[in-house]
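Engineer: Sharing a model that was predicted from the sequence below.
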Amino acid sequence: MSKKDLKEWFLYGASGHAKVILEMIQSGSGQVLFLFDDDMSIKSLNNYTVIGKFNKERAKGKLAIISVGNNRVRKEIVDRIEADYGWLADKSAILSTSATIEVGSVIMPSAIINASTTIGEHVIVNTRASIDHDCTISSFVHIAPGTTICGGVSVGEGTLIGAGSVVLPNVNIGKWAIIGAGSVVTKNIPDYVTVKGNPAR
């Protein structure tokens, strides 16, 4: 594949999360031209240029990913700027052909998305997370590393499911909730609550 055939990307957010996304794009069929970040003191990340605050003209004609791990900040940026978003999956991820993945989402190394699952916009499915069949993961969710989500689960907008958690089948988790790391979720969780433990409460 020639350089002119590669998809051209920019990232918004020069963080540790962005480092992983940069490597994903490098190892795939794209090239990152530059990054934006509101912190004007950041000039580069992994030898990529960080050009400061968002510039609509510079962004034109390129695909975007908001490379920020914080769900609320990621949503605030999406609400504030105009960009053409793509979605990314690492080459080591396993994606069912019947799964749906919306724009802005990133599926990190060794993650698994199984049959008839829908991933909303600007979702992070982090390293080695597993999402089984018939799940609905709403926009701006972060499924942290090593999490297991069983079949038929629904997760509302903006929720964080902490690293190493397990969500049992057919559980509904509300929007903007926080599931503490290592939790086992055995029953439905309302909107805007924080739970932790085994079972999560």
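Structural biologist: Structure received. Numbers count the residues shown, from 1 in each chain.
Engineer: Now Ser105: closest residue in space, sequence neighbours ignored.
Structural biologist: Spatial nearest neighbour of Ser105, chain neighbours left out: Val123 (4.2 Å); criterion: C-beta to C-beta, 6 or more residues apart in numbering. For glycine as for every other residue, the C-beta is placed from the backbone atoms N, C-alpha and C.
Engineer: Isn't that neighbour up against Thr136?
Structural biologist: No: contact criterion C-beta atoms under 8 Å: Val123 and Thr136 do not qualify, at 10.9 Å.
Engineer: So which of these two has more stuff around it?
Structural biologist: Shown here are Val123 and Thr136; by other C-beta atoms under 10 Å, Val123 has more neighbours (26 against 17).
Engineer: any idea which residue sits dead centre in this protein?
Structural biologist: Geometric centre of the chain, nearest residue: Ile124, 1.7 Å, by C-alpha atoms, centre = their mean.
Engineer: which strand residues sit across from that residue in the sheet?
Structural biologist: Val106, His142 (DSSP bridges).
Engineer: Show the contacting residues for it.
Structural biologist: By C-beta atoms under 8 Å, 6 or more residues apart in numbering, Ile124 lies in contact with 17, 69, 105-106, 108, 141-143.
Engineer: List just the nearest of the residues you listed to Ser96.
Structural biologist: The shortest gap between Ser96 and any of the contacts of Ile124 belongs to Ser105, at 14.7 Å (C-beta to C-beta).
Engineer: Can you list phi and psi of that closest one for me?
Structural biologist: Dihedral pair for Ser105: phi -90, psi 150, per degrees, to the nearest 10.
Engineer: hang on, the earlier thing: tell me the pLDDT of the residue nearest to Ser105.
Structural biologist: You'll see Val123 listed with a pLDDT of 98.
Engineer: quick one: it and Glu76, what's the gap?
Structural biologist: Distance, Val123 to Glu76, by C-beta to C-beta, to the nearest Å: 16 Å.
Engineer: Okay, now the unreliable bits of the protein?
Structural biologist: Scanning the chain for pLDDT under 70 picks out 1-5, 29.
Engineer: Okay, domains of it per the record?
Structural biologist: What automatic domain parsing lists as the domains of the chain is 3-85, 88-192.
Engineer: Buried deepest among the ones you listed, which one?
Structural biologist: Using mean count of other C-beta atoms under 10 Å, the stretch among the domains of the chain with the greatest mean number of neighbours is domain 88-192 (a mean of 20).
Engineer: picking up where we left off before, possible to save the domains of the chain as a markdown table with distance to Arg201?
Structural biologist: Formatted as a markdown table, the domains of the chain follow (distance: least, C-beta to C-beta, whole Å):
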| stretch | distance to Arg201 |
| --- | --- |
| domain 3-85 | 22 |
| domain 88-192 | 9 |
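Engineer: To Ala200, which of the ones you listed lies closest?
Structural biologist: Here domain 88-192 is closest among these (C-beta to C-beta), at 4.1 Å.
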